[in-house]
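J.: The amino acid sequence is not available; the structure is as follows:
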């Protein structure tokens, strides 16, 4: 089987996984059930979440036309929606979109939802900002440059890019998950009902992400919290 065919197979399974996981997705973020790693880990998790929230809050996004990729259940959509002139949210899972709408309630009137595969979808317009949280780790190595180039084309010159993802820390994931080895990019994820799915899970170094962004015209600085998160902040070069 060719690498491209293998990528396509895993990416389809990845979409199915997130569709099936939609109703239990927030347990991960809230540190519930299989994701509860103890009081100290939970305290550090939410302290670092707030660290990232402060960075996002400091960005000049008020009154901007924002694109959010892979918005999921809306944990970050809530914050973006309240600040944006208009928000466009693109996700491959109809189940995630439904939960996102439910979370936002009346505020969802300020959001255009699009159900689409992020590796196939391209915008016909440019945005003032592009945001994607907990998505870049699910991009295969062979597609990362193409994806980042697409992000650049969807930004106005000088526009803002912000992304957030997990560091390679075993207490970030479920107790019954095993993170991939350094030379692997596919891991097995398990749902509460025991079903298993193969997904892409890459952990990028900060210098590598910065360099790959620079190649496609994005000037991005990548930072890390003490344990759990990696985030990038930057702009599209003029």
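T.: That came in fine, so what should we check first? Remember, predicted model here, so these are calculated numbers, not experimental data.

J.: Can you give me the buried ones in the helix or strand hosting residue 13?
T.: Counting by DSSP states H and E, the element that carries residue 13 is helix 3-21. Neighbour counts over helix 3-21 (16 or more other CB atoms under 10 Å) mark 7, 10, 11, 13, 14, 15, 17, 18, 20, 21 as buried. For glycine as for every other residue, the C-beta is placed from the backbone atoms N, C-alpha and C.

J.: For the second one, give its distance to residue 93.
T.: Pointing back at residue 10 there. 16 Å (CB to CB, to the nearest Å).

J.: list the contacts for the closest residue to residue 67 other than its chain neighbours?
T.: Counting by CB to CB, 6 or more residues apart in numbering, the nearest residue to residue 67 once its immediate chain neighbours are dropped is residue 127, at 4.2 Å. By CB atoms under 8 Å, 6 or more residues apart in numbering, the contact set of residue 127 is 64, 65, 66, 67, 88, 154, 155, 156, 159.

J.: Throw those into TSV and include secondary structure, neighbour count and distance to residue 206, thanks.
T.: Putting those into TSV (DSSP: H, G, I helix; E, B strand; the rest coil; neighbours: other CB atoms under 10 Å; distance: CB to CB, whole Å) gives the following:
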residue	secondary structure	neighbour count	distance to residue 206
64	coil	19	26
65	strand	17	28
66	strand	25	24
67	strand	28	23
88	strand	20	28
154	coil	22	23
155	strand	23	21
156	strand	16	25
159	strand	22	21
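
J.: closest to residue 50 among those?
T.: Within the contacts of residue 127, the smallest distance to residue 50 is 21.3 Å, found for residue 66 (CB to CB).

J.: The closest one contacts residue 126, correct?
T.: No: look at residue 66 against residue 126 with CB atoms under 8 Å: they stay out of range, at 11.7 Å.

J.: could you pull out the strands for this structure?
T.: For the chain, applying DSSP state E gives strands covering 65-69, 86-91, 111-115, 127-133, 155-166, 186-190, 196-200, 218-224, 229-236.

J.: Out of those strands, which gets nearest to residue 174?
T.: Nearest to residue 174, of the strands of the chain and by CB to CB, is strand 186-190 at 6.9 Å.

J.: Adjacent strands (with direction) for the closest one?
T.: Strand 186-190 pairs in its sheet with strand 196-200 (antiparallel), by DSSP bridges.

J.: shaky segments in the chain?
T.: 1-5 (pLDDT under 70).

J.: If we use 50, what do you get?
T.: 1 (pLDDT under 50).

J.: residues in contact with the closest residue in space to residue 139 that isn't next to it in sequence?
T.: Excluding the flanking residues, the one nearest residue 139 by CB to CB, 6+ apart is residue 147, at 5.1 Å. Residue 147 makes contacts with 118, 119, 136, 139, as judged by CB under 8 Å, 6+ apart.

J.: Quick check: residue 147 vs residue 98, distance?
T.: 25 Å.

J.: how far does stretch 226-238 sit from the chain's center?
T.: 12 Å (CA atoms, centre = their mean, to the nearest Å).
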